[in-house]
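Peer 1: need a structure here:
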Amino acid sequence: MDINNHLVLKKGITGDLETWKFDEPVSAFAQIPDSDDFMLSSATGLYRWSPGTHTRNLILPVEDQNPVTRSNDARTDRTGGFWISSMGRKAEKGAGSLYRFFKGELAQVASDITIPNSLCFSPDGSTAYFSDTVTSQIIKWSLNAQSGLPEGPAEVFADISGTGFGPDGSVVDAEGYLWNAQWGGYRVVRYKPDGMVDRIIEIDASQASCPAFGGADYKTLFITTARENLSEEQLAREPLAGSVFAVSIDTPGLPDPELQM
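Peer 2: Numbers count the residues shown, from 1 in each chain. All right, here's what the predicted structure looks like:
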């Protein structure tokens, strides 16, 4: 996704780059079961999007009357709930919220969020991870097995205050370790389930934005990066800013759970 330019992009390891242009910011999607279509999260709601015809139909509106916000991070949980988030288009303080869509219904999970990121879930589905990037913390919630929603207070999972970096997108591997892209840090950090650092992967771009697993065995870690707000001088030092990196890893990731419409 290229949120600011309203683009969805697709590219294999080889072959040409495909792009789809939208008339508003779009930030995340999940494949609809038994279909080539996707559920798409945009600034105005959740849509059913058909890439083949580049058409979309509204499933339900989300903050469509709020001109300040747009969609941001999203992830499908282990029971098929689609968690989505919103934030201010200029990162206005506290403008964002967090929601969970499940079987046609939308529930608000949290509000007063500035930059929502790091949505991901433990392999057994009992824990949700999340970050408001400006806090420099990744938190974790216990999830209710029946409702799929958080129960009890959030706990701090990892705190990177003092580094000057921001926790951006995250994903959890098959061992339950969390991989976090750190904005400004030229790196992705793998955390143990207890929140301690396991390893650090360094890349040639400062603004790491999100990791994702791919490849036939889910042992390729793809890392997106951004060029946003970098000066010409910074871009000269970081010619690969805005690229997608691929790193071979030993522990496989997990396939996305099936979305429950």
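
Peer 1: next, the buried residues of stretch 118-135.
Peer 2: 118-122, 127-133, 135 (16 or more other C-beta atoms under 10 Å). Bear in mind the C-beta positions are built from the backbone N, C-alpha and C, glycine included.

Peer 1: mind listing what's buried along stretch 203-210?
Peer 2: Buried residues in stretch 203-210, defined by neighbour count with 16+ other C-beta under 10 Å: 203, 205-210.

Peer 1: can you pull the contacts of the nearest residue to Pro25 once chain neighbours are set aside?
Peer 2: Spatial nearest neighbour of Pro25, excluding adjacent residues (C-beta to C-beta, 6 or more residues apart in numbering): Arg70 at 4.2 Å. The neighbourhood of Arg70, defined by C-beta atoms under 8 Å, 6 or more residues apart in numbering, consists of 3, 24-25, 27, 42-43, 86-89.

Peer 1: closest one of those residues to Arg190?
Peer 2: Ser27 (24.4 Å; C-beta to C-beta).

Peer 1: what sits against that closest one?
Peer 2: 1, 3, 41-42, 70-74.

Peer 1: restricted to helices, list the buried residues of stretch 118-135.
Peer 2: Among the buried residues of stretch 118-135, no member falls in helices (DSSP state H).

Peer 1: quick one: buried ones out of the contacts of Arg70?
Peer 2: Using 16+ other C-beta under 10 Å, the buried members of these are 3, 25, 27, 42-43, 86-88.

Peer 1: which pair in those spans the largest distance?
Peer 2: That would be Ser42 and Gly88, which, of those, are the farthest apart (C-beta to C-beta) at 15.5 Å.

Peer 1: how about low-confidence regions in the chain?
Peer 2: Counting by pLDDT under 70, the chain contains no low-confidence range.

Peer 1: give the residue farthest from the middle of it.
Peer 2: Glu233 (28.5 Å; C-alpha atoms, centre = their mean).

Peer 1: backbone phi and psi for it, please?
Peer 2: phi -70, psi -40 (degrees, to the nearest 10).

Peer 1: and for the one 4 residues further on?
Peer 2: Phi and psi for Arg237, reported as degrees, to the nearest 10, are phi -80, psi -20.

Peer 1: again, but for Ile13
Peer 2: phi -60, psi -40.

Peer 1: which one among the contacts of Arg70 gets closest to Leu143?
Peer 2: Using C-beta to C-beta, the contacts of Arg70 come closest to Leu143 at Ser86, 20.7 Å.

Peer 1: next, count neighbours for the closest residue to Thr55 other than its chain neighbours.
Peer 2: Among residues not flanking Thr55 along the chain, Trp49 sits closest, at 7.5 Å (C-beta to C-beta, 6+ apart). By other C-beta atoms under 10 Å, the residues close to Trp49 number 23.

Peer 1: so which of the buried residues of stretch 203-210 belong to strands?
Peer 2: Counted as lying in strands by DSSP state E, out of these, are 208-210.

Peer 1: and of the residues you listed, the nearest to Leu106?
Peer 2: Checking these against Leu106 by C-beta to C-beta gives Cys210 as the nearest, at 23.2 Å.

Peer 1: wait, doesn't the closest one sit right on Leu221?
Peer 2: No - with contact defined as C-beta atoms under 8 Å, Cys210 does not reach Leu221; the gap is 10.7 Å.

Peer 1: report the buried residues of the helix or strand in which the residue nearest to Pro25 is found.
Peer 2: Assigned by DSSP states H and E, Arg70 falls within strand 69-76. Counting neighbours by 16+ other C-beta under 10 Å, one finds that the buried residues in strand 69-76 are 69-76.
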